[in-house]
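J.: Build me a model:
(2 chains)
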Amino acid sequence: MSEVMVQATDVHKSYGSHEVLKGITLEVKRGEVLCLVGPSGSGKSTFLRCINHLERINSGRLMVDGSLIGYREHNGKLYELKPSEASAQRVGIGMVFQKFNLFPHLNALDNVISGLVRVKKIDKATAEKEGKELLERVGLADKFQHFPAHLSGGQQQRVAIARSLAMKPKLMLFDEPTSALDPELVGEVLDVMKNLASSGMTMIVVTHEMGFAREVADSLVFMDGGVVVESGDPKQVLANPQQERTKSFLSKVI
Amino acid sequence: MPQPKKQSIEAVPLRHPYRVAVALFLGLCLIAFVVDAAHRSAYDWQAFGKYLFDPRVLKSALVTLELTFAAMFFAIILGITFAVMRRSPNPIFQSVSWLFIWIFRGTPVYVQLVFWGLLSTIYHSVFIGIPDLHFHHFYLGVHIALSQNTSLFWIAVIGLSLNEAAYMAEIVRAGLLSVDSGQEEAAASLGMSWWTTMRYIVIPQAMRIIIPPTGNEIISMLKTTSLVTAVPLVTDLYARTRDISDETYNPIPLLLVACAWYLFFTTILMIGQYFLEKRYARGHRPMIASAS
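T.: Below you'll find the predicted structure:
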């Protein structure tokens, strides 16, 4: 078991001629929480989506827990994985989206167990038992039967987190998990994420919540224009940024 | 201080005198038409009454219903298949689907039905297997003879359903497109395969969009079956009533008989559609109750 959970080396990504990621290199150790911050269009969400191969990278190396994501290396060349192999990799990587993306035709419990039943093929009774435990863990013990339309944004996002956790991932990716929430609902989601972090989950969080970054993250990476501008201990980067771009960005958001 | 006297305000809704006048005028026109039609000998209501429940007519009405539902059954299955193929990441599937829709939506259904009727004169038999490879008289493959005796009913069903499948594919495609792409991403991030995502996440959500226009298509199909005479299938409602009138030299009452039956079936389908739409249009409320 390697110490490094995520290892990105010179990751490039373009949409046509527009280069979104211009060589990202970073590392996340097992059990660490990394916060990715930066202005919109800086490529932080794209990078996150590359980590579970929702986006295809153009060059570089992206490893999760020692295995290359989306590709197989053979004789110095990268061969793209078959869809079934890419799906198998995604099982171990949980992802939480800005807009929750709960399945609206399923109730909270069925959302949580959808991966267990449809991917891991666990029988429904066992899956429901696990699903109920997870919903209790995110504070939604009384909402099993509720459909997403009848839940608040904060509750929906907590269901979404439980849905990802059901697959027992070794890594959790959060793509601006609180950006679509009313301000008074942000706290309940961040609390769940804090608990998750303290339980030892490895997490990469794209966020604008600097308080969360300062309090929970082990490291902070500031991205702009498709490159890592600055990274380090969140308290130090936030209090005493070294780069001009970091300073001007932080002065606007804090 | 003296209390101001409580006075209720009478709210007079806006009057619509012209609407009333137009409605009265149209009502009178309708009554005049009905009274006139009731006495006009060309309509021959006695013959209408005589043939409305004629066993030949009833049997042909049943054939029309069978044609409608058989054709729609295959059209819906094929339509879903082609719509899903169109969205598949496989370019071969995409192209096949595009070609099918292009041809079958781009030519008139009447012409297509004539073509299917002539199929047995174009291709005398269909051979599936390896050609020119045989031992004595055993071919490696299957010979399907297309004789003139092939059921005209099923030729009509094939013709109608292939044409309708092209329209159903577009309806299903619109339904699939209405599902937010975030749904597929969420499913993918759970490790679901493309087909699992379609089957359990996208298609169930698309049904809300697909069902109402499909009801329309069934009603439309009911009337399109009157074209199967192009095959030529002559056992359906319209062809049968025309046959009868060819003997009686009295076409108008039999046309009315056919219309009455078409209208009757359409009305029943409209009622069914009303309830289906009500069920699937409940805001964004969950449409599928969970078993748990």
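J.: Show me what from the stretch 151-254 of chain A comes close to chain B.
T.: Taking C-beta under 8 Å from any C-beta of the partner chain as the contact definition, the stretch 151-254 of chain A meets chain B at A:160, A:163-164, A:167. (C-beta placed from N, C-alpha, C; glycine too.)
J.: low pLDDT regions in chain A?
T.: For chain A, the stretches flagged by pLDDT under 70 are A:1-2.
J.: three-state assignment of the closest residue to residue A:201 other than its chain neighbours?
T.: Excluding the flanking residues, the one nearest residue A:201 by C-beta to C-beta, 6 or more residues apart in numbering or on different chains is residue A:172, at 5.6 Å. Secondary structure assignment for residue A:172 (DSSP: H, G, I helix; E, B strand; the rest coil): strand.
J.: And the helices in the stretch 151-254 of chain A?
T.: A:153-165, A:183-198, A:210-216, A:234-239, A:244-253 (DSSP state H, counting those that start in this stretch).
J.: do the stretch 1-150 of chain A as well
T.: Going by DSSP H, counting those that start in this stretch, the stretch 1-150 of chain A shows helices at A:44-51, A:83-91, A:108-118, A:124-137.
J.: Out of the ones you listed, which gets nearest to residue B:181?
T.: helix A:44-51 (12.3 Å; C-beta to C-beta).
J.: Run through who's touching that closest one.
T.: A:6, A:8, A:11, A:13, A:20-21, A:24, A:36-38, A:55-57, A:62, A:64, A:69, A:93, A:95, A:171, A:173, A:175-176, A:204, A:206, A:223 (C-beta atoms under 8 Å, 6 or more residues apart in numbering or on different chains).
J.: cool, stretch A:92-102 as well?
T.: Contacts to stretch A:92-102, defined as C-beta under 8 Å, 6+ apart, come from residues A:48, A:51-52, A:54, A:64-65, A:111, A:148, A:153, A:156-157, A:159-161, A:163-165, A:167, A:169-177, A:179-180, B:180, B:182-183, B:185-186, B:189.
J.: Ok, stretch B:75-87 next?
T.: So stretch B:75-87 is contacted by B:93-94, B:96-98, B:100-101, B:160-162, B:164-173, B:175-176, B:198, B:203, B:214, B:217, B:221 (C-beta under 8 Å, 6+ apart).
J.: hmm, try it at 7 Å
T.: B:93-94, B:96-98, B:100-101, B:161, B:164-165, B:168-169, B:171-173, B:176, B:198, B:214 (C-beta atoms under 7 Å, 6 or more residues apart in numbering or on different chains).
J.: ok, now stretch A:24-42?
T.: With contact meaning C-beta under 7 Å, 6+ apart, stretch A:24-42 is reached by A:3-11, A:44, A:47-48, A:197, A:200, A:202-208, A:213, A:216-225, A:228, A:231, A:234, A:249.
J.: before we move on, what about stretch A:153-169?
T.: Residues contacting stretch A:153-169 (C-beta under 7 Å, 6+ apart): A:91-97, A:100-102, A:108, A:111-116, A:130-131, A:134-135, A:138-140, A:143, A:148, A:151, A:172, A:177, A:180-182, A:185, A:188-189, A:192, B:190-191.
J.: Tell me which residues of it come out buried.
T.: Going by neighbour count (16 or more other C-beta atoms under 10 Å in any protein chain shown), the buried part of stretch A:153-169 is A:153-167, A:169.
J.: Quick one: buried ones out of the contacts of stretch A:153-169?
T.: Counted by 16+ other C-beta under 10 Å, these give A:91-97, A:100-102, A:108, A:111-116, A:130-131, A:134-135, A:138-140, A:143, A:148, A:151, A:172, A:177, A:181, A:185, A:188-189, A:192, B:190-191 as buried.
J.: Now do the residue lying closest to residue A:61 once chain neighbours are set aside against chain B, distance only.
T.: Excluding the flanking residues, the one nearest residue A:61 by C-beta to C-beta, 6+ apart is residue A:9, at 4.2 Å. Taking C-beta to the nearest C-beta, to the nearest Å as the criterion, residue A:9 is separated from chain B by 23 Å.
J.: Burial check on residue A:9, number of neighbours?
T.: 14 (other C-beta atoms under 10 Å in any protein chain shown).
J.: How about the secondary structure of the residue of the stretch 1-150 of chain B found nearest chain A?
T.: Nearest to chain A, among the residues of the stretch 1-150 of chain B, is residue B:89, at 7.7 Å (C-beta to the nearest C-beta). What three-state DSSP gives for residue B:89 is coil.
J.: quick one: contacts for it?
T.: Applying C-beta under 7 Å, 6+ apart to residue B:89 gives the contacts residue B:194.
J.: next helix or strand past the lowest-mean-pLDDT helix or strand in chain B?
T.: Using mean pLDDT, DSSP states H and E, strand B:138-145 stands out as the lowest-scoring helix or strand of chain B, at a mean of 63. Where DSSP states H and E defines the elements, the next helix or strand beyond strand B:138-145 is helix B:152-177.
J.: Show me what that next one is packed against.
T.: Contacts defined by 3 or more C-beta pairs under 7 Å, 6 or more residues apart in numbering or on different chains; DSSP states H and E place helix B:152-177 against helix B:55-87, helix B:91-106, helix B:109-122, helix B:203-224.
J.: got the buried residues for that helix?
T.: B:152-153, B:155-173, B:175-176.
J.: now the angle from that helix to helix B:91-106?
T.: Taking axes from the mean of the first three to the mean of the last three C-alpha atoms, to 10 degrees, one finds helix B:152-177 and helix B:91-106 inclined to each other by 120 degrees.
J.: Residue B:115: how many residues sit nearby?
T.: That count, for residue B:115 with other C-beta under 10 Å as the rule, works out to 14.
J.: Test for you: state the pLDDT assigned to it.
T.: pLDDT for residue B:115: 93.
J.: Then the one 3 residues further on?
T.: pLDDT, residue B:118: 88.
J.: same deal with residue B:146?
T.: Reported pLDDT for residue B:146: 63.
J.: How about residue B:282?
T.: 54.
J.: who in the stretch 101-250 of chain B is up against chain A?
T.: B:182-183, B:185-186, B:188-194, B:196, B:200-201, B:204-205 (C-beta under 7 Å from any C-beta of the partner chain).
J.: Report the buried members of the residues you listed.
T.: Neighbour counting by 16+ other C-beta under 10 Å classes B:183, B:185-186, B:188-194, B:196, B:200-201, B:204-205 among these as buried.
J.: Among the residues you listed, which ones are in helices?
T.: Among those, the members found in helices (DSSP state H) are B:183, B:185-186, B:188-189, B:194, B:196, B:204-205.
J.: Looking at those residues, spot the one nearest residue B:113.
T.: Looking across these and measuring by C-beta to C-beta, the closest to residue B:113 is residue B:204, at 34.4 Å.
J.: Relative to residue B:198, how far out is the closest one?
T.: Taking C-beta to C-beta, to the nearest Å as the measure, residue B:204 falls 10 Å from residue B:198.
J.: With residue B:257 instead?
T.: For residue B:257, the distance to residue B:198 (C-beta to C-beta) stands at 46 Å.
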